[in-house]
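J.: Just to be clear, the model below is a prediction. Sequence and coordinates:
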Protein chains: 2
Amino acid sequence: MRSTEIVPLGTGSAVPTQGRSFSSVALVRPEETLLFDCGEGTQTRLIESRIRFSRIKSIFLTHLHGDHIFGLPGLLSTMSLLQRREPVRVVGPVGVRQIVEAMPGLGPGQTSFDIEFIQLDDSDRRIVVHETDSYRVFARSVDHGVPAYGYRYEESTKQGTLDVERARAMGITRFEDFRRLKAGDSVVGEGGNVVKSEEVVGASSPGGVFVYVGDTRPCEGSLDLAKGADILYHEATFAADLKQRAAETGHSTAEDAARIARRAKVGRLLLSHFSARYSDIEMLVEEARSDFHDTEAAVELQRYALQRIGTEEADH
Amino acid sequence: MRSTEIVPLGTGSAVPTQGRSFSSVALVRPEETLLFDCGEGTQTRLIESRIRFSRIKSIFLTHLHGDHIFGLPGLLSTMSLLQRREPVRVVGPVGVRQIVEAMPGLGPGQTSFDIEFIQLDDSDRRIVVHETDSYRVFARSVDHGVPAYGYRYEESTKQGTLDVERARAMGITRFEDFRRLKAGDSVVGEGGNVVKSEEVVGASSPGGVFVYVGDTRPCEGSLDLAKGADILYHEATFAADLKQRAAETGHSTAEDAARIARRAKVGRLLLSHFSARYSDIEMLVEEARSDFHDTEAAVELQRYALQRIGTEEADH
């Protein structure tokens, strides 16, 4: 099975910069795509990354600053032009509905599909904002001066695969017995022998955890969200020498992001949301690496496999 | 003096296409830039074309469909982030103000500069929507099913240059006499000789005319706007075989655009707003050329000099 992939679509911050797009990252599952933030130009980046619009079922917005949401009207309009029928879930701070519906063609009943808005209010603990059989998405408030959220995507434990041939060879023939073996029970085969689940079912594997932290100062919320993540995708607007400016503007330095990554015992840290002042961001990566080694700058349109690295949640 | 240049920023239509941006075209004068339409991604294209945001003083919108305006919130937000002080004029159909002000950070008093909205109502004749000493911009309704306008930019006649050295040599010394010569009068030099204006002042030259016709069926409005233009920038969403679809959706074919160009006796026709179905648009250009020879497809980020070609307005 193809694993889940993380695809950065834009790694710039509010002031546009040649070569960097506005904030957005796609989480591509085999059957659907989740989008986190939707800065201007996101639909263009989706086309360039060959991610199909029809696969996008949920869009999670960290906060209502333009560089994180101004691509949403265009994306939704295009979906409507393409005669989409399946609903789209838009999760974001209170106010997002009003903004979208003020746009021409996006008022209630004007699109070819329903938009399901889930509007968040401050929460100092993780809340589940979306759940399927395969994964859950949590949100929790972070600290950016305006209502802002980070998101944690957690895949369900993947059940081990039943080795049907081996089970048959051990005398298992009834559907009910296959089912019980998969559920972990032992059953008696046709020869009277006992077949244990672990003899024919592979080990279950924990699902991957992806955490997206948009604009924020380092805070308890982002640390909690990040705990034991396989990939932490974290803003790093400034280098350490602009620590003061980061604090004033509600942002993190690369060092701040690394400290969160280390304390949360994540597998891998991807930095994003770089200030336009940095044409070269290698310095930010170096600063972060001095505290957390497995750090990289997110590269737009590159695909990062989400694989379970940690085995348990990190401590506080 | 550097001449006025036309810079297409986006030549696609509503459905996004790899390699084509959404509608926008810049008119770059030595001292300022005028923007016509502002589709999503316009600010990125401006950066790529090295047009400075601070030079943009007026933005003219043809109509309120997303592919022509969804770049406006981002552009205005960036201007505000950059601490712009000079006002920006936004000209467009009634409703544009409400759309802009519904966006986070763009409400009244929230930007670092004033936004002057000029909201248009249907007009079946050219109306002046902006005027300086150097040029005038007219709008007139076109036919797109929703309130929609075309724009005509007309440069004032450029006065001939006074040859000061030559005038001095002919005995002219007083400031008042220089002024009168420039105004076309004859004056008496110090030696008692009569100096005629045409002896020391070069010929005046007519200014260039640029006409921007966004989404529309071929109509009286676009024909009137286009009369005698040096450059007619006209939508050509479809090829001739989709004439019916063009009519139904309020658009023009390349042939339609060429017919307007020929009847309006323009100097040069630039086609734009190509449907996503055409990866190669040479066919559209060929179709148009069979009726109007001086046709090209607008190329994004190329610079087209606006030079006076015609000598008088074409007949109806």
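T.: Okay, I see it. Residues are numbered from 1 along each chain as shown, chains lettered A, B, ... in the order given.

J.: Who are the contact partners of A:Glu190?
T.: Shown in contact with A:Glu190 (Cβ atoms under 8 Å, 6 or more residues apart in numbering or on different chains): A:171-173. For glycine as for every other residue, the C-beta is placed from the backbone atoms N, C-alpha and C.

J.: buried subset of these?
T.: Among those, those buried by neighbour count (16 or more other Cβ atoms under 10 Å in any protein chain shown) are A:Ile172.

J.: Mind putting the contacts of A:Glu190 into CSV with pLDDT, secondary structure and distance to A:Gln110?
T.: Output for the contacts of A:Glu190, formatted as CSV (pLDDT from 0 to 100; DSSP: H, G, I helix; E, B strand; the rest coil; distance: Cβ to Cβ, whole Å):
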residue, pLDDT, secondary structure, distance to A:Gln110
A:Gly171, 91, coil, 62
A:Ile172, 92, coil, 56
A:Thr173, 89, coil, 57
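
J.: domain parsing for chain A?
T.: Taking automatic domain parsing as the criterion, chain A consists of the domains A:5-158+A:206-305, A:164-200.

J.: Distance to B:Glu40 for those domains - can I get that in TSV?
T.: As requested, the domains of chain A are exported to TSV (distance: least, Cβ to Cβ, whole Å):
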stretch	distance to B:Glu40
domain A:5-158+A:206-305	4
domain A:164-200	48
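
J.: So which of these is the most surrounded?
T.: Mean neighbours per residue, mean count of other Cβ atoms under 10 Å in any protein chain shown, is largest over the domains of chain A for domain A:5-158+A:206-305, with a mean of 20.

J.: can you tell me if that one touches chain B.
T.: Yes: Domain A:5-158+A:206-305 reaches chain B (Cβ under 8 Å from any Cβ of the partner chain) through A:14-18, A:21-22, A:40-41, A:43-44, A:47-48, A:64-67, A:69-71, A:73-74, A:77-78, A:81-82, A:95, A:98-99, A:102-105.

J.: per-residue confidence averaged over that domain?
T.: Mean per-residue pLDDT for domain A:5-158+A:206-305: 97.

J.: hmm, back to that, so which of the contacts of A:Glu190 reach chain B?
T.: Applying Cβ under 8 Å from any Cβ to the contacts of A:Glu190, one finds that nothing falls near chain B.

J.: of the contacts of A:Glu190, closest to chain B?
T.: The nearest member of the contacts of A:Glu190 to chain B, counting by Cβ to the nearest Cβ, is A:Ile172 at 52.1 Å.

J.: what's that closest one sitting at in phi/psi?
T.: Main-chain dihedrals, A:Ile172, degrees, to the nearest 10: phi -90, psi 130.

J.: got it, and the one 5 residues further on?
T.: For A:Asp177, the backbone dihedrals (degrees, to the nearest 10) come out as phi -70, psi -40.

J.: That one is in contact with A:Ala183, isn't it?
T.: No: if you go by Cβ atoms under 8 Å, A:Asp177 and A:Ala183 don't touch, sitting 10.6 Å apart.

J.: Now for the closest residue to chain B within the stretch 201-316 of chain A: which residues touch it?
T.: Evaluated by Cβ to the nearest Cβ, the stretch 201-316 of chain A has A:Ala276 as its residue closest to chain B, separated by 9.6 Å. By Cβ under 8 Å, 6+ apart, the contact list for A:Ala276 reads A:12-13, A:15-17, A:20.

J.: ditto for A:His130
T.: A:His130 touches A:58, A:60, A:89, A:91, A:118, A:136-137, counting by Cβ under 8 Å, 6+ apart.

J.: same check, this time on A:Ile59
T.: By Cβ under 8 Å, 6+ apart, the neighbours of A:Ile59 are A:34-36, A:38, A:72, A:75, A:88-92.

J.: Inside helices: which ones of the residues you listed?
T.: Using DSSP state H, the members of the contacts of A:Ile59 that fall in helices are A:72, A:75.

J.: wait, which of the contacts of A:Ile59 is closest to B:Asp294?
T.: A:Leu75 (38.0 Å; Cβ to Cβ).

J.: element containing the residue nearest to the closest one when sequence neighbours are not counted, please.
T.: Counting by Cβ to Cβ, 6 or more residues apart in numbering or on different chains, the nearest residue to A:Leu75 once its immediate chain neighbours are dropped is A:Gln43, at 4.6 Å. Using DSSP states H and E, A:Gln43 maps to helix A:42-48.

J.: following that helix, which helix or strand comes up?
T.: With DSSP H and E, the next secondary element past helix A:42-48 is strand A:56-60.

J.: how near is A:Asp280 to A:Phe274?
T.: Distance of A:Asp280 to A:Phe274, given as Cβ to Cβ, to the nearest Å: 10 Å.

J.: any common contacting residues for the two?
T.: Common neighbours of A:Asp280 and A:Phe274 (Cβ under 8 Å, 6+ apart) do not exist.

J.: Where does A:Asn284 sit: helix, strand or coil?
T.: No, residue A:284 isn't Asn; it's Leu. Of the three states, A:Leu284 takes helix under DSSP: H, G, I helix; E, B strand; the rest coil.

J.: so how far is stretch A:283-302 from its chain's centroid?
T.: How far stretch A:283-302 lies from its chain's middle: 18 Å, per Cα atoms, centre = their mean, to the nearest Å.

J.: need the contact list for the closest residue to chain B within chain A.
T.: Going by Cβ to the nearest Cβ, chain B is nearest to A:Ala102 of chain A, at 3.5 Å. By Cβ under 8 Å, 6+ apart, the residues touching A:Ala102 are B:98-99, B:102-103.

J.: and which of those residues is nearest A:Lys158?
T.: B:Met103 (42.3 Å).

J.: Identify the residue spatially nearest to that closest one, adjacent ones excluded.
T.: Using Cβ to Cβ, 6+ apart, the closest residue to B:Met103 is B:Pro73 (4.4 Å).

J.: now A:Gln159
T.: Closest to A:Gln159 by Cβ to Cβ, 6+ apart is A:Ser204, at 5.2 Å.

J.: Let me see the contact set for the one you found.
T.: Counting by Cβ under 8 Å, 6+ apart, A:Ser204 has contacts A:157-160.

J.: can you give me phi and psi for it?
T.: The phi/psi pair for A:Ser204 (degrees, to the nearest 10) reads phi -70, psi 150.

J.: Distance check, it against B:Leu61.
T.: Distance, A:Ser204 to B:Leu61, using Cβ to Cβ: 57 Å.

J.: Please look at A:Gly228 and A:Val266 and confirm they touch.
T.: Yes: A:Gly228 lies in contact with A:Val266 (Cβ under 8 Å); the separation is 6.9 Å.

J.: What lies in contact with the helix or strand that contains A:Gln119?
T.: For A:Gln119, the host element (DSSP H and E) is strand A:115-120. For strand A:115-120, the surrounding residues in contact (Cβ under 8 Å, 6+ apart) are A:76, A:87-97, A:100, A:106, A:127, A:129-130, A:139, A:147, A:149.

J.: quick one, what contacts A:Val200?
T.: A:Val200 neighbours (Cβ under 8 Å, 6+ apart): A:162-163, A:166-167, A:170, A:172, A:181.

J.: mind listing what the residue nearest to A:Val211 when sequence neighbours are not counted touches?
T.: Taking Cβ to Cβ, 6+ apart, and ignoring the residues beside it in sequence, A:Val211 has A:Ala229 as its nearest neighbour in space, at 4.1 Å. Going by Cβ under 8 Å, 6+ apart, A:Ala229 touches A:152, A:209-211, A:264, A:266-267, A:310.

J.: These into TSV, with extra columns for secondary structure?
T.: Formatted as TSV, the contacts of A:Ala229 follow (three-state DSSP):
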residue	secondary structure
A:Arg152	strand
A:Val209	strand
A:Phe210	strand
A:Val211	strand
A:Ala264	coil
A:Val266	coil
A:Gly267	coil
A:Gly310	coil
